[in-house]
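K.L.:
Provided below for reference: sequence and predicted model.
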Amino acid sequence: MVLFLFLDLMHTGNSSLSAEGLKMSIIQDDQFAIMLGVTGRVSHRSSSWDEVCYGKIKQILITHGDAINSIQVAYDFKGTPILAHRHGGDGDRFDCINLLSWETLTVVKGYYGPLGNDGIDVVLSLTFVTNGGNTYGPFGRESGTPFCFNIRNGVHFWGFHGYSNSRYLCNIGIYVKPTAEYKYHFSPKPEKFVAARSVCNVSS
């Protein structure tokens, strides 16, 4: 069972652990995680997706051109390889990021803005930085409005979420989890519901 609640988190700019959009928190299996983002304006023509607590990231697959067309992530979940569904569509270029066994994301940044004449916000560029100081990207086109999820000491990366359509990655956000264990108390108790997920195993 997963428990969601709204939090009033401080938004202090692009250099902090924050981003524009909806901010929530999750408690799952007695573990507390915070949802940050998403970037930009959410269109009714896009569909939401969610990948929290799938496991350690092994690969990030990106298609891109003038914008980020899609993102797909492979996870290591307790020794089992898991490939989440692709979010978005085809692009002119394809890149695969292979993280080392000890690497974790410390920065997810990029740009978002409208593309074409329809005025829908999409993710225009993505760059990933790890705890080893490795930078992957930028992918896509660095223009528009910048954003940065800076994962500082005391928390670590815990998953992605966002919105996409058949052509583009429209919006993106992340989950972070406190490194230390925290006790929590809510009055009244927040509503409980089971979070929907879509995931499939990597073919052998």
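P.N.:
Here it is on my side, so go on. All values derive from a computational prediction rather than experimental measurement.

K.L.:
every contact and neighbour count from this point should use C-alpha atoms.
P.N.:
OK.

K.L.:
for the strand or helix carrying F139, buried residues please.
P.N.:
Secondary-structure element containing F139, defined by DSSP states H and E: strand 135-140. Counting neighbours by 16 or more other CA atoms under 10 Å, one finds that the buried residues in strand 135-140 are Y136, F139, G140.

K.L.:
compute the distance between N98 and V73, please.
P.N.:
For N98, the distance to V73 under the criterion CA to CA, to the nearest Å works out to 10 Å.

K.L.:
hang on, I meant I57
P.N.:
Relative to V73, I57 is positioned 7 Å away (criterion: CA to CA).

K.L.:
SS state for T39?
P.N.:
Three-state call for T39 (DSSP: H, G, I helix; E, B strand; the rest coil): coil.

K.L.:
and it, how many neighbours?
P.N.:
Residues lying near T39 (other CA atoms under 10 Å) number 27.

K.L.:
how about the backbone phi and psi for it?
P.N.:
Dihedral angles phi and psi of T39 (degrees, to the nearest 10) take the values phi -80, psi 150.

K.L.:
so it touches C148, yeah?
P.N.:
No: the pair T39 and C148 fails to qualify as a contact (CA atoms under 8 Å) at a distance of 9.5 Å.

K.L.:
okay, now the sheet partners of the strand holding F139, with direction.
P.N.:
strand 121-130 (antiparallel) (DSSP bridges).

K.L.:
partner residues bridging the residue sitting nearest the centre point of the chain?
P.N.:
The structure's the chain has its C-alpha centroid closest to F160; by CA atoms, centre = their mean the separation is 2.5 Å. Beta-bridge pairing for F160 (DSSP bridges): E51, I174.

K.L.:
just the pLDDT for it.
P.N.:
For F160, the model assigns a pLDDT of 94.

K.L.:
ditto for F157
P.N.:
In the prediction, the pLDDT value recorded for F157 is 90.

K.L.:
distance check, N150 against V176.
P.N.:
10 Å.

K.L.:
out of the two, which sits in the busier spot?
P.N.:
It is V176, of N150 and V176, that has more neighbours when counted by other CA under 10 Å, with 24 against 19.

K.L.:
and the gap between the more buried one and N131?
P.N.:
Relative to N131, V176 is positioned 15 Å away (CA to CA).
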